[in-house]
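Trainee: predicted structure and sequence below. I'll ask about it afterward.
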Amino acid sequence: MQIGFIGTGTISAAVIEGLQSLPEAPDIVVSPRSEATSLALAARFAKVRRATSNAEVAKADIVFLGMRPMHLEEAIAGIGFGEGQIVVSMVAGFALSDIQGHWPKARACRFIPLPGVARGIGPMATYPAIPEIVKLFSPLGDLFVVADETKLNFGGLNAFMSAYYELQRALIDVGTSAGVSETDARGFVVSMLGMLAVTAQHTPAASFDRLVEEHQTKGGLNERVRTNLLATGWFDVPAAVLRETTTLNYGKLG
């Protein structure tokens, strides 16, 4: 089985890196654009080959579409997929009905990975469940097969990544403003947030709501900070911003 990637940007590169980490890494052919990324992938991985055109990539058994939405029509112009092929859209807004409209004989799904797929961690979402895709990515993180295409973006939660790092930066600044060195403040924040994430990952669903109480002492600093943030409406802001932003940019299907 050969896997092809039309569009070789950051996310495609992360997916390819993850796939090449599998014990039985698949043969992959990548489109020549972007040139620097496709050349680097072919040089790094023995099972990755750089094609001369998108048409060459389109001959693969499974083809991922990984370009930006504004480059989609140019990239797929004249490209055909037939019976027996699987077309996987990683393009925002390129819905299942769009894929099927272009290539009615191919099997199709949408797939939304996050950068952590390169290291085999983090969430991914797909719809509908195509067995070959589920088998490929189940070892590379937490794969969510959603029951409805409109749920692929989980309400816009995947748009919070850079905001998370901005929050991390703000916490580091709290430390440095108190006289802690940049190195120590960064190390402490990264270690603390990592600890909290691992704790959440190992907490059963039935106990999840108790994490707040378990990480604050009555009248202590953690409780006071959380209470003050609640009073300012701080925890309501992410939901409002994510709803507004994802509706404007992704529409109903994302």
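Mentor: Nice, thanks for sending it over.
Trainee: assign Ala60 to helix, strand or coil.
Mentor: coil (DSSP: H, G, I helix; E, B strand; the rest coil).
Trainee: in the longest helix along the chain, what counts as buried?
Mentor: Longest helix of the chain, by residue count under DSSP state H: helix 182-201. By 16 or more other C-beta atoms under 10 Å, the buried positions in helix 182-201 come out as Ala185, Arg186, Val189. From N, CA and C alone the C-beta is placed, and that goes for glycine too.
Trainee: which one among those gets closest to Phe208?
Mentor: Val189 (23.1 Å; C-beta to C-beta).
Trainee: just to check, the closest one is in contact with Gln168?
Mentor: Yes - using C-beta atoms under 8 Å as the test, Val189 is close enough to Gln168 to be in contact (5.8 Å).
Trainee: list the contacts of Ala25.
Mentor: Contacts for Ala25 (C-beta atoms under 8 Å, 6 or more residues apart in numbering) come out as Leu19, Phe45, Lys47.
Trainee: ok, now with 6 Å
Mentor: Ala25 sits next to Lys47 when contact means C-beta atoms under 6 Å, 6 or more residues apart in numbering.
Trainee: hey, where'd the helices end up in the stretch 151-254 of the chain?
Mentor: Assignment of helices within the stretch 151-254 of the chain using DSSP state H, counting those that start in this stretch yields the ranges 161-177, 182-201, 211-214, 221-232, 237-250.
Trainee: quick one, what contacts Gly116?
Mentor: Gly122.
Trainee: same thing but 8 Å
Mentor: Gly116 makes contact with Ala14, Gly122, Gly141 under the criterion C-beta under 8 Å, 6+ apart.
Trainee: name the nearest of the residues you listed relative to Ala129.
Mentor: Closest to Ala129, out of all of the contacts of Gly116 and judged by C-beta to C-beta, is Gly141, at 16.2 Å.
Trainee: what are the buried residues along stretch 216-227?
Mentor: For stretch 216-227, the neighbour count (16+ other C-beta under 10 Å) marks Gln216 as buried.
Trainee: for that stretch, what is the distance to the chain centroid?
Mentor: Offset of stretch 216-227 from its chain centre (C-alpha atoms, centre = their mean, to the nearest Å): 34 Å.
Trainee: same question for it, mean pLDDT?
Mentor: What stretch 216-227 shows for mean pLDDT is 97.
Trainee: wait, Thr52 sits on Pro32?
Mentor: Yes - using C-beta under 8 Å, Thr52 is in contact with Pro32, at 6.4 Å.
Trainee: so which of the helices of the stretch 151-254 of the chain is nearest Glu24?
Mentor: By C-beta to C-beta (comparing all of the helices of the stretch 151-254 of the chain), the closest turns out to be helix 182-201, at 26.9 Å.
Trainee: and the closest one, what does it pack onto?
Mentor: helix 161-177 (3 or more C-beta pairs under 8 Å, 6 or more residues apart in numbering; DSSP states H and E).
Trainee: so the helix it packs on versus helix 182-201, what angle?
Mentor: 130 degrees (axes from the mean of the first three to the mean of the last three C-alpha atoms, to 10 degrees).
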